[in-house]
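*Asks:* I'll drop the sequence and a predicted model, then ask my questions.
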Amino acid sequence: MTLAKRGTCLAGLAFVALLSGCSSVGTEPIGPAHHVEGGFRNTEITDPNKTFFHFLAMRAFGDTKWADHAARAGEVPVTRLSPEKLDIGPDAPPQISWLGHSTFLIQVNGINILTDPIFSDRASPFSFSGPERYVPHVIDYAKLPKIDYVVISHNHYDHLDDKAVEVLGDRPVYLVPLGLADWFADEGVPRERVREFDWWDQAGFDHVTFQAMPSQHWSARGLFDRRTTLWASWLMTFDEKKIWFAGDTGYNDKQFKEIGEKADGIDLALIPIGAYAPRSFMKLYHVNPEEAVKLHRDIGAKKSIGMHWGTFPLTAEGPGDPVDELSRQRGLAGLTPDEFTTMVVGELRILDSQTSGKEQSAHLSPQLRVTAQ
């Protein structure tokens, strides 16, 4: 391996190590239980002090087989998203489109909201290395409708993307966890276009209220800023509908039940199902499909859509594995595909429709419809 290639591999590995959670700020709470000196902490677990070298040791000596994501990219169904179908008015039925990973376009009451938009080819601080998108972009982002609000769950590179912010500019209002306003200011977004939230903070706008809620995760953009900014899930309450966006999270049996009680009726939850293997390294901060099903039940969601899969090679499981495992866990839990489903990358779904994900996929153009193996 050449020196350049070795450096590229190390850069990519360094990013994936960030996913697992390395080192930490203070541990003693200051004020709210999740606030500590210099940053934040999780309240239901003890955050480990893992380093990049722990990750390298796991890759070198662990017995987990890592999937070849590029070779298995065909397991992920993809279709183009038509900009014309996104040009809707306030009287149109609510709809949601999945652009891949954790990026959804939510359109309700004439309001357009993006969640954790990532428009880059790589989820990485480097343009030349790091996890590279293995499914195509499904729309020209310049042809998206006017975005009113952008919801950010945390600052990892697969959730906070400088290219997306460059494209969107200062037109939307950005709803972000505590500590991220400075990053947006550095990107040229005026501070009046950024609203920071602590857990349980809420703000009302025309026909929608946003509330930041807990999640079990962490934050970092580099090697020395672990947990200095907050992470969060989000509840979006419209006139007649409640949508909960989980962001990234591990599972515990307390916080999500509390979210369910306070939300008091979630119509649709967007829950991660991927980036979970190996469990010895990812469990604290990334739910697997079994835990995603528990989370769905804890929050009392009427319906859920699985996300955070099928886009970037972040962890050991293959591109289609999260969907297969979700199907198995859903059956064990006695849930129907309509209660907890997945979408095709690029799919648009009418939220009031009772059509299941399988039935909707059947209406895609045949050349773009791919069935997970």
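*Replies:* Cool, the structure landed. Numbering: from 1, shown residues only.

*Asks:* in stretch 315-327, what's buried?
*Replies:* Within stretch 315-327, the residues scored as buried using 16 or more other Cβ atoms under 10 Å are 315, 316, 317, 318, 319, 320, 321, 322, 323, 325, 326, 327. Backbone N, C-alpha and C define where each C-beta goes, glycine included.

*Asks:* now, these that are in helices?
*Replies:* 321, 322, 323, 325, 326, 327 (DSSP state H).

*Asks:* make TSV from those residues and add distance to residue 339 and pLDDT to it.
*Replies:* Formatted as TSV, these follow (distance: Cβ to Cβ, whole Å; pLDDT from 0 to 100):
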residue	distance to residue 339	pLDDT
321	21	99
322	17	99
323	15	99
325	16	99
326	11	99
327	12	98
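
*Asks:* can you list the residues you listed in CSV and add distance to residue 60?
*Replies:* Below are those laid out as CSV (distance: Cβ to Cβ, whole Å):
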residue, distance to residue 60
321, 23
322, 25
323, 30
325, 26
326, 31
327, 33
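
*Asks:* from those, which is closest to residue 221?
*Replies:* Comparing these against residue 221 with Cβ to Cβ places residue 322 closest, at 25.8 Å.

*Asks:* tell me the contacts of the closest one?
*Replies:* Residues near residue 322 by Cβ atoms under 8 Å, 6 or more residues apart in numbering: 273, 274, 276, 288, 289, 306, 309, 310.

*Asks:* if I look at the second one, how far off is residue 320?
*Replies:* Distance check for residue 274 against residue 320: by Cβ to Cβ, to the nearest Å, it reads 10 Å.

*Asks:* repeat that for residue 100.
*Replies:* Residue 100 sits at a distance of 14 Å from residue 320 (criterion: Cβ to Cβ).

*Asks:* do the same with residue 44
*Replies:* 31 Å.

*Asks:* before we move on, what about residue 68?
*Replies:* Distance from residue 68 to residue 320, counting by Cβ to Cβ: 12 Å.

*Asks:* ranges for the helices of this protein?
*Replies:* Taking DSSP H to define them, one finds helices in the chain at 3-20, 52-61, 162-168, 181-186, 255-263, 279-282, 289-299, 321-333, 357-361.

*Asks:* now the protein, which segments are flagged as low pLDDT?
*Replies:* Where the chain drops to pLDDT under 70, the residues are 1-27, 29, 52, 353-373.

*Asks:* show me it divided up by domain.
*Replies:* 3-61, 80-368 (automatic domain parsing).

*Asks:* redo those domains as CSV? Include distance to residue 73.
*Replies:* What follows is the domains of the chain, written out as CSV (distance: least, Cβ to Cβ, whole Å):
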stretch, distance to residue 73
domain 3-61, 17
domain 80-368, 4
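
*Asks:* pick out the residue closest to the middle of this protein.
*Replies:* Centroid check for the chain by Cα atoms, centre = their mean gives residue 102 as the closest residue, at 3.4 Å.
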